[in-house]
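Enquirer: Here is my input; please provide its structure:
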Amino acid sequence: ASVRYVGQFWNEPKPEARASNVQRGAWLFRQKGCFICHGEAGISGVRNRNSINGTVPKLNDLAERLGLIDPEDVTAILEQLEAGEDLERFADEPLLPRNYDVFLSKYRQTRNVLLNGNLPGKLHSKGDDPPLVMSAWKKKLSTADIDALMAYLLSLKPPHPKEEDDQ
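Expert: Numbers count the residues shown, from 1 in each chain. This next block holds a predicted model:
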């Protein structure tokens, strides 16, 4: 299956029906053009003039930002998303040994940004609006698609920092 760059979007075959949520999410990330602003595999966002952060957020550290530090916690969440479970179901009987309520709150916020979009804060209030905004996807993606994107984003890992030479 070859990948062609067409305009602003990757055009590649849709994953097979038996593909995992992570695989479907990776395809959606490319096919919907998320990589254009967030970088391939969410590694780095592009510059966003006059935004508070200066760039579009990177996404390869999302699991950590949502409080999933242990790889076992990430795996537990990905398994539930793969099974089609609504993570809200575990609010009263937490899926994770600690801080599930914190994770769930941040997870909801992230899903909300995917669904409803987000305007970046302005660094200088009198300056122009930042040109890059997060689009709302609630009318363009199904709940299953959103879950697949979330699974893919949670599966990403930041690159390990290069070990510095002792010289």
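
Enquirer: mind listing the strands for this protein?
Expert: For the chain, the strands defined by DSSP state E occupy 4-6, 9-11.

Enquirer: Give the residue spans of this structure that score low on pLDDT.
Expert: 1-11, 159-167 (pLDDT under 70).

Enquirer: how about the helices in it?
Expert: 21-31, 34-38, 62-65, 71-82, 100-116, 143-155 (DSSP state H).

Enquirer: any idea of the angle the fifth one forms with helix 143-155?
Expert: Read it as helix 100-116. 120 degrees (axes from the mean of the first three to the mean of the last three C-alpha atoms, to 10 degrees).

Enquirer: Now for the residue most central in space within the chain: which residues touch it?
Expert: Nearest to the geometric centre of the chain sits L153, at 3.7 Å (C-alpha atoms, centre = their mean). Contact analysis of L153 by C-beta atoms under 8 Å, 6 or more residues apart in numbering lists G25, F29, G42, L59, L62, A63, T110. In this view, the C-beta of every residue, glycine as well, is placed from N, C-alpha and C.

Enquirer: do you know how far it is from P97?
Expert: 22 Å (C-beta to C-beta, to the nearest Å).

Enquirer: For burial, what's the neighbour tally of the spatially closest residue to K106 that is not a sequence neighbour?
Expert: Closest residue in space to K106, ignoring its immediate chain neighbours: L66 at 4.4 Å, by C-beta to C-beta, 6 or more residues apart in numbering. Per other C-beta atoms under 10 Å, the neighbour tally for L66 reads 23.
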